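Student: build the 3D model from these lines:
(chains A and B)
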There are 2 protein chains.
Amino acid sequence: MLRRYLPILDWGRRYTGQAFGNDALAAVIVTIMLIPQSLAYALLAGLPPQAGIYASILPIILYAIFGTSRALAVGPVAVVSLLTASAVGQVAEQGTAGYAVAALTLAGLSGGFLVLLGVFRLGMLANFLSHPVIAGFITASGILIAASQLRHILGVEAEGHTLIEMVGSLAANIGQTNPYTLAIGIAATAFLFWVRRGMKTALRGRGVPARAADIATKAGPVFAVIATTVVVWLFSLNDAGVSVVGDVPKGLPPLTLPGLSPDLIRQLLIPAILISIIGFVESISVAQTLAAKRRERINPNQELIGLGAANLGAAFTGGYPVTGGFARSAVNDDAGAETPAAGAYTALGLALAAAFLTPLVFYLPKATLAATIIVAVLGLVDLSILRRTWSYAGADFAAVAITILLTLGAGVEIGVATGVVVSLLLHLIKTSKPHVAIVGLVPGTHHFRNIDRHDVQTCPRLLTIRIDESLYFVNAQFLETLIQDRVADDSTLRHVVLMCPAVNSIDFSALESLEAVNRRLTDLGIGFHLSEVKGPVMDRLQTTHFLDALNGRVFLSQYDAWSELAGASSKSAIQ
Amino acid sequence: MLRRYLPILDWGRRYTGQAFGNDALAAVIVTIMLIPQSLAYALLAGLPPQAGIYASILPIILYAIFGTSRALAVGPVAVVSLLTASAVGQVAEQGTAGYAVAALTLAGLSGGFLVLLGVFRLGMLANFLSHPVIAGFITASGILIAASQLRHILGVEAEGHTLIEMVGSLAANIGQTNPYTLAIGIAATAFLFWVRRGMKTALRGRGVPARAADIATKAGPVFAVIATTVVVWLFSLNDAGVSVVGDVPKGLPPLTLPGLSPDLIRQLLIPAILISIIGFVESISVAQTLAAKRRERINPNQELIGLGAANLGAAFTGGYPVTGGFARSAVNDDAGAETPAAGAYTALGLALAAAFLTPLVFYLPKATLAATIIVAVLGLVDLSILRRTWSYAGADFAAVAITILLTLGAGVEIGVATGVVVSLLLHLIKTSKPHVAIVGLVPGTHHFRNIDRHDVQTCPRLLTIRIDESLYFVNAQFLETLIQDRVADDSTLRHVVLMCPAVNSIDFSALESLEAVNRRLTDLGIGFHLSEVKGPVMDRLQTTHFLDALNGRVFLSQYDAWSELAGASSKSAIQ
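Tutor: Numbers count the residues shown, from 1 in each chain, chains lettered A, B, ... in the order given. Sure thing, here's the model as predicted:
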């Protein structure tokens, strides 16, 4: 029992010296990558830069204790940072103490909600986010995040939560562009794009070994940070209007208390739920991909507890909502992390950085951080999802398109919530008109096929309807109407058979519809029969009076039904 | 085209003298029944009594023109009157001009919404109300309505929108009970219960012919109205505190304009949508039951237009929201109505009553109207739905129970809305964990069955999973996790076959899950195959790259897959 909730007891007992070596090396690489990333995402979330570092220390340790994924690296990620900025921006002004406290509250609520989901084993709620909605949301978020960072590249003031607001605000202030900031921003962005796209090939071309080229590529953002910081410091560009990170307090994460006023909680509850679910979806898909590579299992409900603990940790140590990030987890895995302990060592590295290195980032220009964000998030933008869903199914395309448009045009929360509702509704509407076929006998066989597609025998006294969907309240009426219409049109009919090989369940509404059909057909002197009812469905029907009331029979196979009902007496009537 | 939207053009051309006779007789019977009922329901809706009569004139005529049901009788009904009182009570005080105007607006919005649904053929939206939710809602509404009328029986002031509020308010004022009112109320209630339960048998016992006994039973409420009115008039009980209907203006329905301020519309839009859908569900189920008896068809989308026109008519002639009522439609049908013209003649009868007879109801005690309502709605209360759903399925029981509790405890709108959301969620949750079976070969056959239930052959190199549900985003993750867990546990595995005879569709999310499964199994050197994929599903898959990327094959039958994959080389491995 204890081991179920504390996976560390499991892998901790088998921890070896070799695993330690591998974990420690992975931790060094990830730490170097995380420092600029953490500062940048804090900036994106509208928080002081140290919040990004703090959010990467205790949360990582707690995830190492409670999580089940070997390689998942927990901390601030781009999309959750954007959601945080959007949610907290609605209750407090950026830069105020209230803003930071609200971010803590958001992390606390999110953590509590995740733990609750995990304890009650409700991880399946995340399944309500369809792939098209997630893909559309991530793509739109990538665009929004990149747009939100343009102001740091230009060195102007701008704001807004939708693309239109952002672009309008930028356009209004573009006259105040700071040339030094712009130069740094463009140079950093270009360099980072090159790091991502061309650096590895270039290094390999000059004879650098693959492994070294790989590490150098990962350290690219660190080079950019050091180079631009040095330039600003040397030429005192901060006095020329280049916005820098400035004073960052030196020291370990402080103990903080999230705000708990009922008003604040009420305002942040829905965003917290949204952040939890989106963060969980992102995290679990990363964890599952990494686990699959090594035939490992992850436990989704325990993952909820791990992520919940991490967020609660963030709430009490000056952080903000965190989740398992794709980029950092992939680096952690590549670098050879063997156990969650690698995460704990990363936390140690970041704690050392927080304690001693923060004065070094005083001259770090915000434009460089914005460049790292832009380059990272443009990798998330994948508009091909529009084309791929378009060619596959209209409903999936509609879900993507609505999610992207509303996320860009009306904000992240409305975008994703509408996407979820639309995709659920479209699914329900699809099942409300299930595929049905009037079937007949394939001559010389015991098989029955759609009379519209195949050359089959039918009998005018007998109507056989095969329904290719479970029967439940959304489609119960459809079936009732279908049978009634067929019966109204055809006065020679004596028997109706409902063929149920694809009916996986019948709910109470559908049962009542079947009862109504049976009553109406009985009044008209028409027999009502079922065939090929599945075992579990039959078990359920046997608990009711329906089978007693049924004026016809339940046939094991459709061929039995045919033999009996279209049989001897009506052979001559077969068309 | 014109005939599709105007069914009257169809039946009107074939109208005969005999049909006229039958329709006219039915109209007389229904008119007599409708007069007290219309006054009573207006009282329930919190409106002046004439609103109930007005709401039964133009709406009936418009339905006769646009509707498709032969026998449906449109007008005020109990549940919609309750919903009207609840919705309008939130924007205006009962008895004020604003209240009546808001009721017109509600009818107008509801009419407009119904017409829109009909024109866009969206009648299927009503299917989102499951039978358990409808049954729970109708039962709870019946209890609420009966409780709300007790104040008229006692002759005290009371208010409230939930059962608790109503009972509390009654208890606080019970000291002011008026003995004359109470006597009239109890006598009328007892008489009407006897009319409903025992009168017919009693009359037949005294040799009254069946037909006459039947008509006398239907006229029961009219007797009660006349008797109590005369008693109040004779003894001037209105001066002794018995509340009476009082002055009702004489004349045809006035031309009225619904209030159209944006504020009012915003407040009433959601209730209007709710009233429309609940009214439509009630109406369509009545219409369908009546149509089935004579092998007739009704067109649900045209019904929406008919009901929408009726509500728009109510909005412009001093009425309030209307729908097709069960009791009056059954009477109309029993009385022999042959065409929608019967409705038009009823409207004529009511117009005459409005023009000439309203002074006669001055002394009609409200307690009598309350008694007619109580006796009518207690027939709606059916708590057996709790037992029946309990024994059938937990999800259906949960939907009923939540709908009843919330309707009684938190109000009609919250009750039905929560019921809909809960039943949809429970359905989605159920499909998120579909039934799956690991299957093996039944020896000596080509059939495959669940290894847990049957004694079947399996092969350790081959895992065959049969999934009994369409694959879509809510269950895609379940399948991914299932396969990953099986593969992680079993290192002898060489092939995974997904057997799809019950998979009626695969959406984009599920396609991406299958792609992920294929990639992961490919990395592990395990073959991934499908079998028994349905035609439409295969057609859809063929538009994608999935089948090219699939490392294994698609087998027409599971036996082919078995022969190929568990075949020759592994015969010895068969357990």
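Student: so where's chain A shaky on pLDDT?
Tutor: Residue ranges of chain A with pLDDT under 70: A:1, A:567-575.
Student: so what touches stretch A:88-98?
Tutor: Stretch A:88-98 has contacts (Cβ atoms under 8 Å, 6 or more residues apart in numbering or on different chains) with A:45-46, A:99, A:101-103, A:106, A:161, A:259, A:264, A:267-268, A:271. C-beta here means a position set from N, CA and C on the backbone, and glycine is covered the same way.
Student: rerun that using 7 Å as the cut-off
Tutor: With contact meaning Cβ atoms under 7 Å, 6 or more residues apart in numbering or on different chains, stretch A:88-98 is reached by A:46, A:99, A:102-103, A:106, A:161, A:264, A:267-268.
Student: just stretch A:306-314 next, same as before
Tutor: The contact list for stretch A:306-314, computed with Cβ under 7 Å, 6+ apart, reads A:55, A:58-59, A:62-63, A:66-68, A:74, A:107-108, A:110-112, A:114-115, A:118, A:279-280, A:283, A:320-323.
Student: and for stretch A:257-265?
Tutor: Residues beyond stretch A:257-265 that count as contacts (Cβ under 7 Å, 6+ apart) turn out to be A:91, A:101-102, A:104-105, A:107-109, A:315.
Student: 10 Å instead, please
Tutor: Stretch A:257-265 has contacts (Cβ atoms under 10 Å, 6 or more residues apart in numbering or on different chains) with A:91-92, A:97-98, A:100-109, A:111, A:267-268, A:272, A:312, A:314-316.
Student: related to what we said a few turns ago, which two of the contacts of stretch A:88-98 have the greatest separation?
Tutor: Greatest spatial distance in the contacts of stretch A:88-98: A:161 and A:264, 19.2 Å, computed using Cβ to Cβ.
Student: of all of the stretch 151-300 of chain A, which residue lies closest to chain B?
Tutor: The nearest approach of the stretch 151-300 of chain A to chain B comes at residue A:292, 4.0 Å away (Cβ to the nearest Cβ).
Student: ok, that residue touching residue B:518?
Tutor: No: at 11.3 Å, residue A:292 does not count as touching residue B:518 under the criterion of Cβ atoms under 10 Å.
Student: these two: which has the busier surroundings?
Tutor: The neighbour comparison of residue A:292 against residue B:518 (other Cβ atoms under 10 Å in any protein chain shown) goes to residue A:292, with 23 against 20.
Student: give me the distance between whichever strand or helix holds that one and the centre of its chain.
Tutor: Element membership for residue A:292, per DSSP states H and E: helix A:262-293. Its chain's C-alpha centre and that of helix A:262-293 lie 8 Å apart, by Cα atoms, centre = their mean, to the nearest Å.
Student: after it, next one along is what?
Tutor: helix A:300-316.
Student: tell me the angle that following helix makes with helix A:262-293.
Tutor: Helix A:300-316 runs at 130 degrees relative to helix A:262-293, counting by axes from the mean of the first three to the mean of the last three Cα atoms, to 10 degrees.
Student: paired strands for the next helix or strand after helix A:300-316, with orientation please.
Tutor: On the C-terminal side of helix A:300-316, the nearest following helix or strand under DSSP H and E is strand A:323-324. Strand A:323-324 has the following strand partners under DSSP bridges: strand A:74-75 (antiparallel).
Student: what does the strand it pairs with contact?
Tutor: In this structure, residues lying in contact with strand A:74-75 by Cβ under 10 Å, 6+ apart are A:30, A:34, A:37-38, A:41, A:52-53, A:55-57, A:59-64, A:67, A:279, A:283, A:306-307, A:309-311, A:313-314, A:319, A:322-325, A:328-329, A:340, A:343, A:346-347, A:350.
Student: just the buried ones from the contacts of stretch A:257-265, in ChimeraX syntax?
Tutor: In ChimeraX, a selection of the buried entries from these looks like this (16 or more other Cβ atoms under 10 Å in any protein chain shown):
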select /A:91,92,100,101,102,103,104,105,106,107,108,109,111,267,268,272,312,314,315,316
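Student: spatially central residue for chain A, please.
Tutor: residue A:281 (3.6 Å; Cα atoms, centre = their mean).
Student: which residues are in contact with residue A:379?
Tutor: Per Cβ under 10 Å, 6+ apart, neighbours of residue A:379: A:78, A:142, A:196, A:326-327.
Student: give me the buried subset of those.
Tutor: Restricting those to buried positions leaves A:78, A:142, A:196, A:326-327, with burial counted as 16+ other Cβ under 10 Å.
Student: a markdown table for the residues you listed, including secondary structure?
Tutor: Shown next, in a markdown table, are these (DSSP: H, G, I helix; E, B strand; the rest coil):
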| residue | secondary structure |
| --- | --- |
| A:78 | helix |
| A:142 | helix |
| A:196 | helix |
| A:326 | helix |
| A:327 | helix |
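Student: closest one of those to residue A:383?
Tutor: Closest to residue A:383, out of all of these and judged by Cβ to Cβ, is residue A:142, at 10.0 Å.
Student: separation between that closest one and residue A:304?
Tutor: Distance, residue A:142 to residue A:304, using Cβ to Cβ, to the nearest Å: 26 Å.
Student: measure the closest residue to residue A:99 other than its chain neighbours to residue A:272 for me?
Tutor: Nearest residue to residue A:99, sequence neighbours excluded (Cβ to Cβ, 6 or more residues apart in numbering or on different chains): residue A:92, at 4.1 Å. Separation of residue A:92 from residue A:272 (Cβ to Cβ): 15 Å.
Student: now residue A:153
Tutor: Residue A:153 is 31 Å from residue A:272, by Cβ to Cβ.
Student: buried residues of stretch A:197-211, list them for me.
Tutor: A:199-200, A:203.
Student: what about that stretch, start to end distance?
Tutor: This stretch, stretch A:197-211, spans 17 Å end to end (Cα to Cα, to the nearest Å).
Student: doesn't the residue nearest to residue A:99 belong to a strand?
Tutor: No: judged by three-state DSSP, residue A:92 forms no part of a strand; its state is coil.
Student: quick check: the residue of the stretch 301-450 of chain A nearest chain B.
Tutor: residue A:396 (3.7 Å).
Student: residues contacting that residue?
Tutor: Contacts for residue A:396 (Cβ under 10 Å, 6+ apart) come out as A:130-133, A:135-136, A:385, A:388-390, A:423, A:426, B:472-473, B:507-509, B:511-512.
Student: got a list of what the spatially closest residue to residue A:326 that is not a sequence neighbour touches?
Tutor: Computed as Cβ to Cβ, 6+ apart, the closest residue to residue A:326 that is not its neighbour in sequence is residue A:286, at 5.0 Å. Counting by Cβ under 10 Å, 6+ apart, residue A:286 touches A:69, A:71-73, A:77, A:323-330, A:333.
Student: ranges for the strands of chain A?
Tutor: For chain A, applying DSSP state E gives strands covering A:74-75, A:323-324, A:436-441, A:448-450, A:462-467, A:495-499, A:527-531, A:554-555.
Student: tell me which of these sits most buried.
Tutor: Compared across the strands of chain A, strand A:74-75 shows the largest average neighbour count, a mean of 32 (mean count of other Cβ atoms under 10 Å in any protein chain shown).
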